[in-house]
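[1] Any chance you could fold what I've pasted below:
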Amino acid sequence: MTSREPLGDSLPLSPMAVFIMALITKAGAKTLYQLKTLGALSYGGIRPTLQGLQEHGYLSKAASEGDLGKKALAATSAGLKAFKETWRWSLGEAVRGDVDTILRLAWVAHTMGEKDMARTFLGSAADFRRKELETLSDKSIGSTPAMSYRRLRTVAARHQSQGEADLLEKFSHSLNEYFTK
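    Numbering: from 1, shown residues only. Now for the predicted structure:
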């Protein structure tokens, strides 16, 4: 994120925090296991975000009925407010992000009923990658053996950006095939 200035009464949530809050509030994830499976996440990768959400009072853990030792996750009223006030902002911040972040936030927008916004977001992320291609040239890299790796890396990055742009563009045009309610 580029800014941690308040949006409304809430601090902006990171893209991962937005995704986690959507999994809890919209997809019904109530446990760490459900977060991991529904969101294809690793516990180690989400632990800092979960701790931050709890520290800000946006997420609580309570003993789960019938499951000894398991804690149920729940969004607090402050967490719901922060999520509703800031999830759109995270789309603008993440357009340059990695593909996983972009797909997560496109899912959030779609889940929030903003299908056009999800399409536009995916299209903007594809456009960003296409513009990035213009900066990835191996022509100025010397031809010495020492520069071979740099040339390989630049060519690989160019192909990766092109592939990501094509995929995100495809998703933006056929969103309903991939997301269901």
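[2] ranges for the helices of this structure?
    15-25, 32-39, 43-55, 77-94, 99-111, 115-135, 148-173, 175-178 (DSSP state H).
[3] Pick the most buried one from those.
    Highest mean neighbour count among those (mean count of other CB atoms under 10 Å): helix 15-25, with a mean of 24. (Each C-beta comes from the backbone N, C-alpha and C, glycine too.)
[4] Provide the contact partners of that helix at residue level.
    13, 29-30, 34-35, 38-39, 45-46, 49-50, 52-53, 58-59, 73-75, 79-80, 82-83, 86-87, 90, 93-94, 97, 101, 104-105, 107-108, 111-112 (CB atoms under 8 Å, 6 or more residues apart in numbering).
[5] Mean pLDDT added to the helices of the chain, as TSV?
    Listed next are the helices of the chain as TSV, based on pLDDT from 0 to 100:
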stretch	mean pLDDT
helix 15-25	96
helix 32-39	93
helix 43-55	91
helix 77-94	92
helix 99-111	95
helix 115-135	90
helix 148-173	87
helix 175-178	76
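[6] quick one: the residue positioned nearest the centre of the chain from residue 77, how far?
    Taking CA atoms, centre = their mean, the centroid of the chain lies closest to residue 101, which sits 2.6 Å from it. As judged by CB to CB, to the nearest Å, residue 101 and residue 77 stand 27 Å apart.
[7] what do you get for residue 53?
    Distance from residue 53 to residue 77, counting by CB to CB: 14 Å.
[8] domains of the protein?
    If you go by automatic domain parsing, the domain ranges for the chain are 1-94, 95-181.
[9] Residue 75 pairs with what?
    With DSSP bridges applied, residue 75 shows beta-bridge pairing to residue 59.
[10] Now for it, how many residues are close by?
    19 (other CB atoms under 10 Å).
[11] quick one: contacts for it?
    21, 24, 25, 58, 59, 83.
[12] How about residue 50?
    By CB under 8 Å, 6+ apart, the residues touching residue 50 are 20, 32, 59, 73.
[13] neighbours around the last one, how many?
    Other residues within reach of residue 73 by the criterion other CB under 10 Å amount to 22.
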